[in-house]
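In: only the shape, not the letters, is given here:
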C-alpha cells in the first residue's frame, strides 16, 4: 500500500477531519488546508468535485482563489482526501497542481457537472 512519507497516511484508508488536522494543521472545515501560509492538504467532496482527484474546482471567493494560486505556484504535492461519508475522508494520495486556470470558458463544463457557479 502507498503511504504518504511525511504524514503516514495510507492510501485507501479513511480518516476523520480531526486526524487530518492533527497531522497537517490548517482548518477542520475548508477544503484547502493551510498552515503557516501554505497549503498542506486538500479535502474535497464528490458533490463539488465530481472529477476528483484529477480535477479540483475552487470556489470563486477571493481568498480561495488566492490560496489556490499560491499552491499552484509552489509545485509541491500535498495529501488529498475525498469524503466517502460524514466523518470519513479517504486518502487517495499526494497530488500537485499540473495546471491552473481561471478562464470561465475552460471551467464551464466542469462547473456545470458539479452544479456549481462561481468557480
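Out: Yep, that arrived. Because the structure is a prediction, the values reported are computed rather than measured. Numbers count the residues shown, from 1 in each chain.
In: tell me the helices and strands packed up against the longest helix belonging to the chain.
Out: Longest helix in the chain by number of residues (criterion: DSSP state H): helix 62-74. On a contact count with 3 or more Cβ pairs under 8 Å, 6 or more residues apart in numbering; DSSP states H and E, helix 62-74 meets strand 32-35, strand 38-44. The way it works is simple: take the backbone N, C-alpha and C, and place the C-beta from them, glycine included.
In: can you redo these as TSV with mean neighbour count, mean pLDDT and distance to residue 75?
Out: Shown next, in TSV, are the helices and strands packed on helix 62-74 (neighbours: other Cβ atoms under 10 Å; pLDDT from 0 to 100; distance: least, Cβ to Cβ, whole Å):
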stretch	mean neighbour count	mean pLDDT	distance to residue 75
strand 32-35	20	91	16
strand 38-44	21	94	12
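In: find the residue at the geometric middle of the chain.
Out: Geometric centre of the chain, nearest residue: residue 42, 2.7 Å, by Cα atoms, centre = their mean.
In: that concludes my questions; thank you for your assistance.
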